[in-house]
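>>> Sequence and predicted structure, then a few things I'm wondering about:
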Amino acid sequence: MALGPNDPCWCFSGQKYKRCHRGREAPVVAGTLSPMRTVPESIERPDYALTGQPAPVRAVALHDADGIARMRRACAIAADLLTLVGEAVAPGVTTDELDAIAHEECVRLGVYPSPLNYRGFPKSICTSVNEVICHGIPDDRPLADGDLVNLDVTVYVDGVHGDTNATFLVGDVDAGSRRLVEVTRECLARGIAAVAPGREVSVIGEAIEAHAHEHGYSVVRTFAGHGIGHQFHCEPTVPHYHDRRARMEMLPGMTFTIEPMIAMGVGRERIWSDGWTAVTADGLRTAQFEHTILVTESGSEILTLPEGETAAWGPAPPAATGAAEPRST
Ligand code: MF3
Ligand code: CO
Ligand code: CO
């Protein structure tokens, strides 16, 4: 008889199976990469496209009206691209096939897939399966029934980047993993709802962490949200846990991502020898959702909301604790 999720684990750890070895029996292993895909010369490229090295400056992403208009377009394209690639998720489909779909759509639209050659990343999207936390490299591994897969897409168009990701269910997924995915989606919503001008960035992670802990999950601390605009990653850094050091004040016109990675286990990672793939050290699953956010005069706007989806998760209620309220001018 198969072990149920709440049965004691077979390894005699005393833990429930779902908190211990479940999902670790068949760890994700590195597959084979297809050759690097190319982007036509006619498509505008970010600074790192040829060398792999982005400019070392880390500015705060703060936009005027024209910059905001450009961010809106880049983010709308990223949102549609994520929907398109997500529709192709099914058992038997390889993550490289998903990368090909994303890459070809970028070429068709005349936009640059931001991950491609960013610090040497070899593919056009990130695909992170099960215990892979983030930065998974698309390869020839077919998705299996019961997997979770996070697709992270970013596009560069008209001088700015738009960045979004979501976790998709592959076929018939166990109830514990489905719950993880739902709570992670809620964590992003809580983080977004905490955004308001005049508050410190730390209120975002404070809200996310409270919700994750309420459900018995942990927050991955190593990877943070980030300012985004002319640069793929810039200031501010947006921790997904309560970090008192994240003292930057949110200002209207600022754009950054919120992208919590929520773990069933302790959420500590190790990095594969490919230099990218971050997996949980305990082998337990994580989920992630990401939006690019604009700070507005009254709260926030989600720039990567897919068409037809309404912003049911904003604008901001008062922050839970100790946060400065929006200034009246
Ligand atoms: N899109 C990821 C993020 O949310 C970054 C991917 S970097 C890459 O920040 F090089 F792996 F593409
Ligand atoms: Co991303
Ligand atoms: Co991001």
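Yes, it's here. Numbering: from 1, shown residues only. Ligands and ions are numbered 1, 2, ... in the order given.
>>> can you point me to the longest helix in this protein?
Counting residues, the longest helix found in the chain (DSSP state H) is helix 65-87.
>>> Figure out how far it is from the centre of its chain.
Centroid displacement of helix 65-87 relative to its chain, using Cα atoms, centre = their mean, to the nearest Å, is 15 Å.
>>> C-terminal to that helix, what's the next element?
Using DSSP states H and E, the helix or strand that directly follows helix 65-87 along the chain is helix 95-109.
>>> Mind giving me the packing neighbours of the helix or strand that that next one is followed by?
On the C-terminal side of helix 95-109, the closest following helix or strand by DSSP H and E is strand 112-113. With contacts taken as 3 or more Cβ pairs under 8 Å, 6 or more residues apart in numbering; DSSP states H and E, strand 112-113 sits against helix 95-109, strand 148-157. In this view, the C-beta of every residue, glycine as well, is placed from N, C-alpha and C.
>>> Can you tell me which of those is nearest to ligand 3?
strand 148-157 (6.8 Å; Cβ to the ion).
>>> helices and strands around that closest one, which ones?
The contact analysis (3+ Cβ pairs under 8 Å, 6+ apart) places strand 148-157 against helix 65-87, helix 95-109, strand 112-113, strand 126-129, strand 132-134, strand 160-169, helix 175-193, strand 286-288.
>>> Give me whichever of the helices and strands packed on strand 112-113 is most buried.
When the helices and strands packed on strand 112-113 are scored by mean count of other Cβ atoms under 10 Å, the highest mean neighbour count falls to strand 148-157 (a mean of 27).
>>> Adjacent strands (with direction) for that strand?
strand 112-113 (antiparallel), strand 126-129 (antiparallel), strand 160-169 (antiparallel) (DSSP bridges).
>>> one step back: any idea of the mean pLDDT for the longest helix of the chain?
The pLDDT scores in helix 65-87 average 98.
>>> same thing with stretch 96-111?
99.
>>> Tell me which residues are up against it.
33-34, 37, 39-40, 42-43, 74, 77, 81, 84-85, 88-89, 112-113, 116, 123-125, 127, 138-140, 151, 153, 155-157 (Cβ atoms under 8 Å, 6 or more residues apart in numbering).
>>> I'd like the helices and strands packed on strand 148-157 as JSON lines, with distance to G253 appended.
Converted to JSON lines, the helices and strands packed on strand 148-157 look like this (distance: least, Cβ to Cβ, whole Å):
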{"stretch": "helix 65-87", "distance to G253": "7"}
{"stretch": "helix 95-109", "distance to G253": "26"}
{"stretch": "strand 112-113", "distance to G253": "24"}
{"stretch": "strand 126-129", "distance to G253": "28"}
{"stretch": "strand 132-134", "distance to G253": "28"}
{"stretch": "strand 160-169", "distance to G253": "13"}
{"stretch": "helix 175-193", "distance to G253": "17"}
{"stretch": "strand 286-288", "distance to G253": "26"}
